[in-house]
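1. Give me a model of this one.
(one chain, ligands or ions: 1)
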Amino acid sequence: MSLLSVADLRLTFGGLVAIDGLSFSVDEAEIVSVIGPNGAGKTSAFNCVTGFYRPTSGRITLRGRDLPGLRPSAIAGLGVARTFQNLRLFGELSVLDNVRAGSHLWLRQSVLDALLHTPRYRRSERECTEQAHHWLDFVGLRGDRYGRAGNLPYGEQRRTEIARALARRPDLLLLDEPAAGLNRGEKAEMLDLIRRVQALGVAIVLIEHDMGLVMEVSERVVVLNFGREIADGRPEDVRRDPAVIEAYLGGDTAATGGETGGTTTNGKDGVGRDGVRRDGAGKDRAAEGGTGGETEGKDGTAGGDAHA
Ligand SMILES: Nc1ncnc2c1ncn2[C@@H]1O[C@H](COP(=O)(O)OP(=O)(O)OP(=O)(O)O)[C@@H](O)[C@H]1O
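-> Model prediction:
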């Protein structure tokens, strides 16, 4: 049985069909990338898996268990963690406390324990701090972990977000554009980090515009265009697929090359179907400062049913 199975997923916002029949599965410790131009429906798919949006129709199961209808916190408790396209760190909190917030999912303590500062409370708090240090070491954070998260350089904030997600001890990690806004050296480190996370036995679904990274790290690539799935296969097959080249890359075969690791494709001309011109870096840099500004609903509302 697959770890994650998405079958015939459909999501509409009023008249807009954001996802139109997406199906893919992810095995344990597998890396699957979801690519497509701006507005293709990638983040919406993440939001459906993590319970932020309720799909209009279709099935999403984790080890056979239906996810739609569960709250995001319940889905997180089942072993699904994510990072966001626009960082969502608590900018005013310390780096360490941001990651401790991830570990708290695992703490066994009651409100009474916390109020009375029982030995159990102190023990679990200590364990939580040790875990946070462990994950910050794992992601290779260089900055001051006792300082404000919002003061960290951008690339370090990205690592901190991943550390926080890992502190939840997920079986499935959804990474939404982890390399956006990173320089070449940071991207290489991100690639290495993704592989090390996989080596822990964690499955990863990756949304990423950097084709070099996608082609290098993915075992399978799912391609979305205008909400429709147009390909699902091995990277070497997908990059040669005429439908992908035509629909996603506008016939620019060079853009699928990826050997340099630097090619970024956000759609034929960088304009999403909602008419907004974006590039991953610029979009994410705008959120620098740490608190992350993106609301799940781009128009302030979420899909059919929002838990955000
Ligand atoms: N809450 C919402 N309300 C209305 N429309 C939405 C909402 N969320 C997403 N959409 C629309 O659904 C479509 C898919 O958006 P989505 O953000 O999933 O695309 P994406 O592939 O992740 O794009 P990008 O690469 O720019 O992040 C877009 O047309 C977007 O404007």
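2. Could you find the residue nearest the spatial middle of the protein?
-> Leu175 (2.2 Å; Cα atoms, centre = their mean).
3. what are the phi and psi values for it?
-> When read as degrees, to the nearest 10, the backbone of Leu175 gives phi -110, psi 120.
4. can you check Pro68 too?
-> Per degrees, to the nearest 10, the backbone of Pro68 is at phi -60, psi 140.
5. Could you do the one 3 residues further on as well?
-> Arg71 adopts backbone torsions of phi -70, psi 160, taken as degrees, to the nearest 10.
6. and the lengthiest helix in the chain, what other elements does it pack with?
-> Ordering each helix of the chain by length in residues (DSSP state H) puts helix 119-139 first. Applying 3 or more Cβ pairs under 8 Å, 6 or more residues apart in numbering; DSSP states H and E, one finds that helix 119-139 contacts helix 95-103, helix 111-116, helix 154-166. C-beta here means a position set from N, CA and C on the backbone, and glycine is covered the same way.
7. Tabulate those in JSON lines, adding columns for distance to the ligand and mean neighbour count.
-> Shown next, in JSON lines, are the helices and strands packed on helix 119-139 (distance: least, Cβ to the nearest ligand atom, whole Å; neighbours: other Cβ atoms under 10 Å):
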{"stretch": "helix 95-103", "distance to the ligand": "23", "mean neighbour count": "24"}
{"stretch": "helix 111-116", "distance to the ligand": "34", "mean neighbour count": "11"}
{"stretch": "helix 154-166", "distance to the ligand": "16", "mean neighbour count": "25"}
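8. okay, Gly292: pLDDT?
-> On the pLDDT scale, Gly292 is placed at 32.
9. ignore the last one, Thr263
-> So Thr263 comes in at 50 (pLDDT).
10. what pairs with Arg65 across the strands?
-> Here Arg65 sits in beta bridges with Leu62, as judged by DSSP bridges.
11. hang on, the earlier thing: need the helices and strands packed on helix 119-139 in TSV (columns: distance to Arg148 and mean pLDDT).
-> Formatted as TSV, these follow (distance: least, Cβ to Cβ, whole Å; pLDDT from 0 to 100):
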stretch	distance to Arg148	mean pLDDT
helix 95-103	8	90
helix 111-116	24	68
helix 154-166	11	95
